[in-house]
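J.: starting from these lines, generate the structure:
(4 chains)
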Number of protein chains: 4
Amino acid sequence: MAAGSSFGELFRITTWGESHGKAIGVVVDGCPAGLPLSGEEIQAYLDRRKPGQSRYASHRNESDAVEILSGTFEGMTTGTPISMIVRNTDQRSKDYSNIQDLFRPGHADFGYFEKYGIRDYRGGGRSSGRETIGRVAGGAVAAKLLESLGVTVRAYAKSIGTVSITSFDEEEIFRNPLCMPDADAASRASELVTRAMAEKNSLGGTIECVAKGMPAGFGDPVFRKLDAALAGAVMSIGAVKGVEIGDGFAVSRSTGADDNDGFIRKEDGTVTTGTNHAGGILGGISDGNTIILRAAVKPTPSIARPQNTVDTSGTPCGIEIHGRHDPVIVPRACVVVECMTALVLADAILCGASSRLDRLKRLLGR
Amino acid sequence: MAAGSSFGELFRITTWGESHGKAIGVVVDGCPAGLPLSGEEIQAYLDRRKPGQSRYASHRNESDAVEILSGTFEGMTTGTPISMIVRNTDQRSKDYSNIQDLFRPGHADFGYFEKYGIRDYRGGGRSSGRETIGRVAGGAVAAKLLESLGVTVRAYAKSIGTVSITSFDEEEIFRNPLCMPDADAASRASELVTRAMAEKNSLGGTIECVAKGMPAGFGDPVFRKLDAALAGAVMSIGAVKGVEIGDGFAVSRSTGADDNDGFIRKEDGTVTTGTNHAGGILGGISDGNTIILRAAVKPTPSIARPQNTVDTSGTPCGIEIHGRHDPVIVPRACVVVECMTALVLADAILCGASSRLDRLKRLLGR
Amino acid sequence: MAAGSSFGELFRITTWGESHGKAIGVVVDGCPAGLPLSGEEIQAYLDRRKPGQSRYASHRNESDAVEILSGTFEGMTTGTPISMIVRNTDQRSKDYSNIQDLFRPGHADFGYFEKYGIRDYRGGGRSSGRETIGRVAGGAVAAKLLESLGVTVRAYAKSIGTVSITSFDEEEIFRNPLCMPDADAASRASELVTRAMAEKNSLGGTIECVAKGMPAGFGDPVFRKLDAALAGAVMSIGAVKGVEIGDGFAVSRSTGADDNDGFIRKEDGTVTTGTNHAGGILGGISDGNTIILRAAVKPTPSIARPQNTVDTSGTPCGIEIHGRHDPVIVPRACVVVECMTALVLADAILCGASSRLDRLKRLLGR
Amino acid sequence: MAAGSSFGELFRITTWGESHGKAIGVVVDGCPAGLPLSGEEIQAYLDRRKPGQSRYASHRNESDAVEILSGTFEGMTTGTPISMIVRNTDQRSKDYSNIQDLFRPGHADFGYFEKYGIRDYRGGGRSSGRETIGRVAGGAVAAKLLESLGVTVRAYAKSIGTVSITSFDEEEIFRNPLCMPDADAASRASELVTRAMAEKNSLGGTIECVAKGMPAGFGDPVFRKLDAALAGAVMSIGAVKGVEIGDGFAVSRSTGADDNDGFIRKEDGTVTTGTNHAGGILGGISDGNTIILRAAVKPTPSIARPQNTVDTSGTPCGIEIHGRHDPVIVPRACVVVECMTALVLADAILCGASSRLDRLKRLLGR
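T.: As a prediction, this is how the structure comes out:
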C-alpha cells in the first residue's frame, strides 16, 4: 500500500494506467461473493465521467468502454478479484511535445520529476484526470454492494465559481451538464463557464455528497474514523483542496449548544439524531443519520493563456498549454466523489462485521 | 490496521488506552536507528496538551508524565519499537455514573454502543481527548526525526469562535493560553470564551499548521497523496470536521489564472513555486514550498446546560453533563495537529527513499 | 507493518520491548467486544514460557507478571486495544559486557549491526527469546477468542535432538519439563539434554501443533492462504528453520493416489476429508479437518564452549558465552507456536466474516 | 490486503484472473523508477512455466503472451504501477462440466464452496496453477530490480518423487524438462514420471532456491523476519506443503556446536559466515551469505484414476478427472519459487532503505 495505488482494507481497489498509455484499469479485491454484477452497471458510472459530452468538457474522444476480465461467473461476483480495463483510444501525445521539458503551473510535473527522476510529459501520467477511471469502475462495484445492503450514495455540484445552488431537485442533477440539482443556478453557472472559456481561463467549485441508509455503529474510533477515511479518500482526488463533514468549517464559529445533535427515537424504534450538524458521524462512527460531506475543487490548472514557469534545467520560460481541457472539472468529478465515498462506506461495513463476538457467533452458528 | 489503532506505513504508531483506564500509550515502529531521543523532549510536547494549565482548560489534574519503555539505548533510537506510557492518575469515574445509561449529544457514545454492543460510560473511552496523548508522544518522535532532516512543523489557533488572527508573531503562540500568534486577537477571544463559560456553553475554532523545509518530490500520486494523507490524519482527530490545504475552500471561487503557482528558480538554484496557493503540494507530491493546512474544530460537546437525548433503551430523557471539560479545545488541539502532520511527513520521507533506482544504488553502494 | 512489529490483519498484535530494557509488551487491536478476559488467563500462558522452571531452562529469574492496561471493562473486552505489559526485573546487562564488541555465532548481532548501524549488545535486544512474551500474551487472547468459537489449539515437542515421540498422551505434555506427550521419549530426551549440558553444547527439536474445530471455508486463495499465513507466523519465531503442514516434506515422495484426501459426509451431515494428509488445509482454505503443522527448531546458539568469530571492526577472535541460556528451547517454544497458530486462525475467522453477501445481509439484518 | 490478492509492502504485486476466465494479470506497484524493462524479459520468465512444453506438462495449448499495459516509458519503469496481462486462449470449460457438482480430492473446491457459497467448477478458478502467471510476471520485475543491485536468484528441482540430485550443474537446469541440475538424476526421475503417467498417478518433489549477492542487514527482527516472509511467500504457492531455510529440518537433530556459523572476514574486508547452516539469514536478517531455501511440492491432485468424494449436496460418489494435467508440477513450479523469492528480497531491500538515519540524511543530502 505504501506506493499508494491501492485503497481500502477489506474492500480494496488497486488502480493502474497513465493518461497516454495503452489502457487504464482497476482490480477490486475483497468484494463479497454473490453480488449480481454486470458490465453495463459499471459502464453507466464511467459514462458519467466520460469526456466530450458537453461543451464544458474536454473534447478528447474516448468511448471509455469497460471490460470485466475476472471475478464474476454467471452474472455474480465470485469473491475473487474483479479486474476491469478501459483501453485508451485517443492519446495524441503530440499535443504535449511542445511542453515536454516544461513544468506546467498548477500541475504535478515538477514533483514527479523530483520524485522519480524522469519527465513523463504525456499528459501527466498518473496525475491526469483519466486516473479516476479506475476509481469510478471500482467505486461502482462498491455502490452496487451498498445498494444491496440498503445504502445509497449521491454527489452533485453545490457551487461552480461564485454560483451556489439555492434549491434541490435530485433529478435535475442529470438534466444539466454541470450536475447541479438547481436548474436556475446551473444556467447562471454556465454563463460563468462560457465567459471563463472566452478568457482562456478556468473555474472551480464545490461538490456535495450524501449517503442515505448507512447503519449506525460503523467506522473506527481513532485513526480509521469514518470521517477521516472519507476525508483521505476525497482529498486523494486530484484538484480537491478541502473536505468537510456535516457543518464542516462553519462549526468553528458555532457553539456547543447549537452544534450538538440531540438523540431521538424514530417511529420504528431505532435511535438517531434529531438535527444533523455532525453529518451522520460522531467520534468517527456512523450515528444512523444521513452522511454528508463537501469537497472544494480547484480551477482546472491547464489554461490556454501564457504563463510563467521553468524548464527541467530550471531556466525560467513562458508556457502555453493547448491540448484539450475542461474549463471546469467539477461536473465530471461528482461521480468520482460519489465512488470514493462508496468505497469507504463499503469497506467500513466489511470491517465492522467482526466488531462484536455475538455477531461472529451468529455468523459461525456457534 | 483495519481496527484502526495504527497509523502510518513505514513510520508507524499504534496507540492504546482509555480516558479512565490505568494508562495511555503508544508504540512507535519504524523510526530509523541513530536518532538522539530523550524523555524530556517527548514530555515537552505532552505538556502542551496537558489539562489544568489555564482557566480555559479542563481542571482534571494529570501530570501526564511519560516513560520510555523501549527502543532507545544510550540516548539514541535503536530502530526497534519505541514504547511510551503515561499513567492515568485522576480518573474520577464517579463523575460519569449519573450518565452511564445516557447517550451524550455530540459524543460517540451511541455509535460505540451500536458498534461494540457495550456501554463504556467512563468518559468516552477511546473517544476522549486523552486518546491524543499517544498521538502527541508518537508525533514528537516524528517531529524530532524531521528536525534532524531540516523540516520544522508548527501549529497554532487561527481563530476561536468568531475571532480570527490578523497578525502573526510565532513567539506569541506560547505566551497566551489560547495559542494564538496574535496577542490582540487572543485577548478578544478570551473574552468570548469567558462569556461562553458563564453561559454553560462552549466554542470551536480553526487551527493552522505550517511545515517548512519539506523537500520536493515526496508523497504519492494517487491514494496516498501527501494532502490526502494529511487530510485523513488531521480529520482523525476528534472534533475536527473539516480540513483544507493551501487556499482550501477559497479555490472553489478562484480561477486557473489566479490559482496556478508559477515555478521559479531560487538563488540556490533549486526550483519552487513563486506564489503558494497550493500549500506546498501539487498532485499529491511536495513541490518544495511551505506546506500549509487548516482544520476546523467543533465546540466542545460536553456542556453543563440541560440537553435532550435518549438512554440505552431508547427512552427520551434530559441530560446534564458535569465532569471537567474545556470550554474550547482548540488551544490544546494545536499540538495534536502539529504531531499528526509530523507523522505524515516523516512517513512520506521514509516511503520516498525507495522511489528511484539511482537512490537505491547509492544507498547500497552498488 | 513494514517495520515488522505488527502481525495480523483484523486481529492484530503489535509487540515491543528488548530483553534487557525496562519492560516487554503487546497491543492487541481488533479483538471483538464482549469476550470475557482476565489477567489470570493471560498469565497462565506466560507461565508456560517463563524461564527458571526446570534445570533445562535458563535460570534467569523473572516472574513475568502481566498487567492488562487497557481494552477491558468489567471483565470483558470492549473492542478497543488491549495493552499488556511485563516488567523486566532481572536484566544483568553485565553478563554481556565481555562480548559487547563481538558477533555471537548463530545470533543476529551482525545483521542488526549492518541494518541499524549500532551494536545493542544487551542480550540481543529484539532477537532475544524474551521478545516472544508479547506473542504469547497476544496469542492467549486469540486462543480465548477461538475457544469461545469452538476452536482449540495445542502444541507440544514431537522430537528433541534424535529422540522422537512414539505415543501420544495429551496430559503428559504438562507433566514433563520437555513438553513431550510421551513419558518414555521425554526421559530418553532428558538424558540427551543432560549430556549436551555437560558438553557445553545444546540441542534442537521439532514442535507439532494441532488445531481442532476450525470450521471449513476460512483462509484465502492466493497470498494469504491459511497455510502460508501459518508458515510465515511460525517461521517468524526465532530459531525456527522449517515449517510443514500435514504430511509436509513427506508429500514430495508420495503419489497423488496416496496423498489425496477423499471427501466424506460425517454423521452430522457436514462434509470433511476421510484421511488428512493435507493437514486440514486445501488450496489455502480450511477443509473442516484438524489443522496440523510442525516446526523445526535449531539448537540454542548460545553455548559455553569457545567459538571463533569477529568483532565489530572485523577482526577475528575467540568468544565464550556465559550468561544464562537454555540447553534446548523447544519446551518453552511450544506455547509460542501455539499462540502464533491461534493468532492466524483468529484473524482468518475475522477476515472470513465478510466473504459472502448472504452473511453480511444476515449480520446487518438487511 | 486482507482479501489476499496483494503481496509485499513497498514492492507490491496484486494478481487477478481465473484459470478459465478471459485473462490473468498482475499489477506491480512500488517498483523504483529508472529500471530498464521490456516485455521480452517478462516473457522469458513466463515461458519457463508455460504448459505444453514437454510430455511431462499439461497439453493445454497457451501462448501465455504477456502485454505490458502501463508503468514504463521509453523502455524504463516510471515508478507508476506496471500492469501486465496474459489472455487465456484455450479454456475448454467443457472439460469440467462432468464434475461441476463434485468436490475433487486434493483440491480447494470444497473450501471455496464453504467460503464463497458458490461452485465455480471451471478448473478451480484462483486455485489453478494458472494463477501463478501473475506471480511470475511480477516476480520477473523484482528479479530484474535485484539483478541491477547485484543480487541473483535461481531455483531448480532438487528431487522428484524418490530421486534426488547428487551433483550440480547450473546449465543442466535448462537442458532437461524436469529442471534438475543433474542430468543423471533427471533421466532416472523421468522414468519414474513415465511410470506414474502409465498408472494414472502423479508425483511430487522438492525445489531448492538460491539467492546470491544479498547484502547483509536486510529483513526485520520480529514478524517480518526475512525467512518468515520467504516461508509465507513460498508456502502461498499452491501444492507447497513445507518450507525450510538453510539446513532446515536437519537442525532439529544437530547441536549448537555443529549448527553455529562462525563469522569470518573476507578478503574484501567485509564480514560473513564461514559455514552456512543458517542459509544466509540469522534472526530474520540477512548475514551476507548465500540465501538457501527448499520447498516440498505435493503430487498433482488431479489424476485420471477413479476416486471417492462427495457432491455439493454431500452425497458420496465416485469421480474421474480427465482434463489436461501435469503428472508432476515441480519443473514448472521452479520459476514460481524463484519469483516469490525475488519478490521478498526486493521488498526487503526497499523497506531497509529507511532503517538508519545516516542513510536518510545521505539520501536527502542533508
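J.: low pLDDT regions in the stretch 101-250 of chain A?
T.: Along the stretch 101-250 of chain A, segments meeting pLDDT under 70 span A:123-124.
J.: which parts of it sit against chain C?
T.: A:145, A:148-150, A:215, A:221 (Cβ under 8 Å from any Cβ of the partner chain). Any C-beta I mention is one placed from the backbone N, CA and C, and that applies to glycine too.
J.: what about those residues, which one has the most neighbours?
T.: Using other Cβ atoms under 10 Å in any protein chain shown as the neighbour test, those are led by A:Pro221, with 27 neighbours.
J.: ok, now how distant is the closest residue to that one other than its chain neighbours from C:Pro81?
T.: Counting by Cβ to Cβ, 6 or more residues apart in numbering or on different chains, B:Arg126 is the residue found nearest to A:Pro221 once chain neighbours are left out, at 4.2 Å. Per Cβ to Cβ, to the nearest Å, B:Arg126 is found 8 Å from C:Pro81.
J.: shared neighbours of those two, which are they?
T.: Counting by Cβ atoms under 8 Å, 6 or more residues apart in numbering or on different chains, the contacts common to B:Arg126 and C:Pro81 are B:Gly17.
J.: check for me that A:Arg122 belongs to a helix.
T.: No: with DSSP: H, G, I helix; E, B strand; the rest coil as the criterion, A:Arg122 is located in coil rather than a helix.
J.: start and end of stretch A:239-259, how far apart?
T.: End-to-end distance for stretch A:239-259: 30 Å, by Cα to Cα, to the nearest Å.
J.: buried stuff in that stretch?
T.: By neighbour count on 16 or more other Cβ atoms under 10 Å in any protein chain shown, the buried set for stretch A:239-259 is A:239-257, A:259.
J.: can you tell if that stretch touches chain B?
T.: Yes: judged by Cβ under 8 Å from any Cβ, stretch A:239-259 comes into contact with chain B at A:241-259.
J.: buried residues, stretch A:135-148. List them.
T.: A:135-146, A:148.
J.: how about the residues you listed, which pair is most distant?
T.: A:Arg135 and A:Ser148 (20.4 Å; Cβ to Cβ).
J.: going by proximity to chain B, name the top residue of the stretch 1-150 of chain A.
T.: A:Ala108 (2.3 Å; Cβ to the nearest Cβ).
J.: is the top helix by length along chain A up against chain C anywhere?
T.: In chain A, with assignment by DSSP state H, the single longest helix is helix A:330-352. Yes: counting by Cβ under 8 Å from any Cβ, chain C is contacted by helix A:330-352 at A:349-351.
J.: can you give me how far that helix is from the chain middle?
T.: 7 Å (Cα atoms, centre = their mean, to the nearest Å).
J.: same check on stretch A:129-149?
T.: Using Cα atoms, centre = their mean, the offset of stretch A:129-149 from its chain centre is 9 Å.
J.: any part of it near chain D?
T.: No: using Cβ under 8 Å from any Cβ, we find that stretch A:129-149 stays clear of chain D, coming within 9.4 Å at best.
J.: again with stretch A:102-115
T.: Yes: using Cβ under 8 Å from any Cβ, stretch A:102-115 reaches chain D at A:Lys115.
J.: so what touches stretch A:311-320?
T.: A:99, A:101-105, A:113, A:119, A:304-310, B:264-265, B:269-271.
J.: endpoint to endpoint, that stretch covers what distance?
T.: Taking Cα to Cα, stretch A:311-320 runs 13 Å from one end to the other.
J.: repeat that for stretch A:218-233.
T.: OK, stretch A:218-233 end separation, Cα to Cα: 17 Å.
J.: again, but for stretch A:244-258
T.: 18 Å.
J.: for stretch A:177-185, same thing?
T.: 12 Å.
J.: now do the buried residues in it.
T.: For stretch A:177-185, by 16+ other Cβ under 10 Å, it's A:177-182, A:185.
J.: residue in the stretch 201-350 of chain A nearest to chain D?
T.: A:Leu350 (8.7 Å).
J.: contacting residues for that residue?
T.: A:Leu350 touches A:9-11, A:30, A:32, C:354, C:360, counting by Cβ under 8 Å, 6+ apart.
J.: packing partners for the strand or helix carrying A:Leu363?
T.: According to DSSP states H and E, A:Leu363 maps onto helix A:357-364. Judged by 3 or more Cβ pairs under 8 Å, 6 or more residues apart in numbering or on different chains; DSSP states H and E, the packing partners of helix A:357-364 are helix C:132-148, helix C:330-352, helix C:357-364.
J.: re the thing from before, looking at the contacts of A:Leu350, which are in helices?
T.: Filtering the contacts of A:Leu350 for helices - DSSP H - leaves C:Leu360.
J.: of the contacts of A:Leu350, just say which sits nearest to chain D.
T.: A:Gly30 (3.4 Å).
J.: contacts only, for that closest one.
T.: A:8, A:10-12, A:350, C:354, D:2-3.
J.: try 10 Å
T.: By Cβ atoms under 10 Å, 6 or more residues apart in numbering or on different chains, the contact list for A:Gly30 reads A:8-13, A:79-82, A:346-347, A:350, C:220, C:351, C:354-355, D:1-6.
J.: what of A:Pro105?
T.: A:301-303, A:307-309, A:319, A:321, B:256-257, B:259-263, B:273-275, B:278, B:282.
J.: report the buried members of the residues you listed.
T.: A:301-303, A:307, A:309, A:319, A:321, B:256-257, B:259-263, B:273, B:278, B:282.
J.: A:Ala189: helix or strand, and which one exactly?
T.: Using DSSP H and E, A:Ala189 falls in helix A:183-198.
J.: contacting residues around that helix?
T.: So helix A:183-198 is contacted by A:54-56, A:157-167, A:169, A:172-173, A:175-180, A:182, A:201-203, A:205, A:299-300, A:303-304, A:326-328, A:330-331, B:255-257 (Cβ under 10 Å, 6+ apart).
J.: buried subset of these as a PyMOL selection?
T.: Filtering these down to the buried ones (16+ other Cβ under 10 Å) takes a single PyMOL command:
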select buried, (chain A and resi 56+157+158+159+160+161+163+164+165+172+173+176+177+178+179+180+182+201+202+203+205+299+300+303+304+326+327+328+330+331) or (chain B and resi 255+256+257)
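J.: in helices only, show me the contacts of helix A:183-198.
T.: A:330-331, B:256-257.
J.: A:Asp101 reaches A:Phe110, doesn't it?
T.: No: counting by Cβ atoms under 10 Å, A:Asp101 stays clear of A:Phe110, with 11.9 Å between them.
J.: neighbour count for the two, which is higher?
T.: The neighbour comparison of A:Asp101 against A:Phe110 (other Cβ under 10 Å) goes to A:Phe110, with 28 against 14.
J.: list the contacts for the more buried one?
T.: Residues near A:Phe110 by Cβ under 10 Å, 6+ apart: A:102-104, A:119, A:309-310, A:312, B:216-217, B:263, B:271-273, B:282-283, B:285-288.
J.: select only the buried ones of the residues you listed in PyMOL?
T.: Only the buried entries of those go into this PyMOL selection, using 16+ other Cβ under 10 Å:
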select buried, (chain A and resi 102+103+104+119+309+310) or (chain B and resi 216+217+263+271+272+273+282+283+285+286+287+288)
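J.: next step: the contacts of A:Phe110 restricted to strands.
T.: Under the assignment DSSP state E, the contacts of A:Phe110 contribute A:309-310, B:263, B:271-273, B:282, B:285-286 to strands.
J.: how about these in JSON lines, adding distance to chain D and pLDDT?
T.: Output for the ones in strands among the contacts of A:Phe110, formatted as JSON lines (distance: Cβ to the nearest Cβ, whole Å; pLDDT from 0 to 100):
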{"residue": "A:Thr309", "distance to chain D": "22", "pLDDT": "94"}
{"residue": "A:Val310", "distance to chain D": "20", "pLDDT": "93"}
{"residue": "B:Phe263", "distance to chain D": "21", "pLDDT": "95"}
{"residue": "B:Val271", "distance to chain D": "15", "pLDDT": "91"}
{"residue": "B:Thr272", "distance to chain D": "16", "pLDDT": "89"}
{"residue": "B:Thr273", "distance to chain D": "20", "pLDDT": "93"}
{"residue": "B:Leu282", "distance to chain D": "16", "pLDDT": "96"}
{"residue": "B:Ile285", "distance to chain D": "11", "pLDDT": "96"}
{"residue": "B:Ser286", "distance to chain D": "12", "pLDDT": "97"}
